[in-house]
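Visitor: Have a look at this prediction, sequence included:
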Amino acid sequence: MRATVQADRGTSPRCIWPAMHRGLLVLCVLAASACQTPQWPVEGPIRSPYGVRGGGFVAEVHRGVDVAVPVGTRVRPILSGRVRFAGVMEGYGNVVWVDHSDDLLSVYAHLSEISVEPAQEITKATVLGLSGRSGNATGPHLHLEVWRWGREVDPVHFLGRPRR
């Protein structure tokens, strides 16, 4: 649809949009200003994907992905938000949980150092901590989980393929 231009009694021309299109335009502008593009917290290859792993009699569900990076790599959040938890958890070692809008939570585990505090507002540029091998880690990497509406989702489906 095109806008029609109409002169308004000697004033400069103005665009006249049908009410429906004006409403859609406002919604699109508001949505675009509130949206962020998620980012990978680190750059590196995925060494252990999301899903069932393990062989033999016992298989386990890997609730995230493990991204291989050297110890000391800066870890940033996938989106801006607020730190829900920053501390030590069994298995995860040093871990940071970040609440994002729309019932979205991200988890960053096996850190060597934590740089944020609970309840801290963060942006995508904030360094959450440094990658490491704390907790039950077989080597240096970042374990990343993404939770949507209370259920884990594959971070690759949410973020796309990581850059290497």
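Guide: Nice, I can see it.
Visitor: How about stretch 94-113, which residues are buried there?
Guide: For stretch 94-113, the neighbour count (16 or more other Cβ atoms under 10 Å) marks 94-98, 100, 104-112 as buried. In short, each C-beta sits where N, CA and C put it, glycine included.
Visitor: Okay, now the unreliable bits of this structure?
Guide: 1-34, 55-56, 164 (pLDDT under 70).
Visitor: Just give the nearest non-adjacent residue to residue 50, would you?
Guide: Closest residue in space to residue 50, ignoring its immediate chain neighbours: residue 154 at 4.0 Å, by Cβ to Cβ, 6 or more residues apart in numbering.
Visitor: Can you name every helix or strand that the longest strand seen in the chain contacts?
Guide: Secondary structure of the chain per DSSP state E: the longest strand is strand 104-114. The helices and strands touching strand 104-114, judged by 3 or more Cβ pairs under 8 Å, 6 or more residues apart in numbering; DSSP states H and E, are strand 81-89, strand 93-100, strand 129-131, strand 142-148.
Visitor: Paired strands for it, with orientation please.
Guide: Next to strand 104-114 in the sheet, as set by DSSP bridges, lie strand 93-100 (antiparallel), strand 129-131 (antiparallel), strand 142-148 (antiparallel).
Visitor: who's in contact with the last one?
Guide: In this structure, residues lying in contact with strand 142-148 by Cβ atoms under 8 Å, 6 or more residues apart in numbering are 41-42, 44, 63-67, 69, 73, 75, 78, 92, 103-111, 131, 137, 152-155, 158-159.
Visitor: three-state assignment of the residue nearest the centre of the chain?
Guide: Centroid-nearest residue in the chain: residue 78, 2.7 Å away (criterion: Cα atoms, centre = their mean). State at residue 78, reduced to three classes by DSSP: H, G, I helix; E, B strand; the rest coil: coil.
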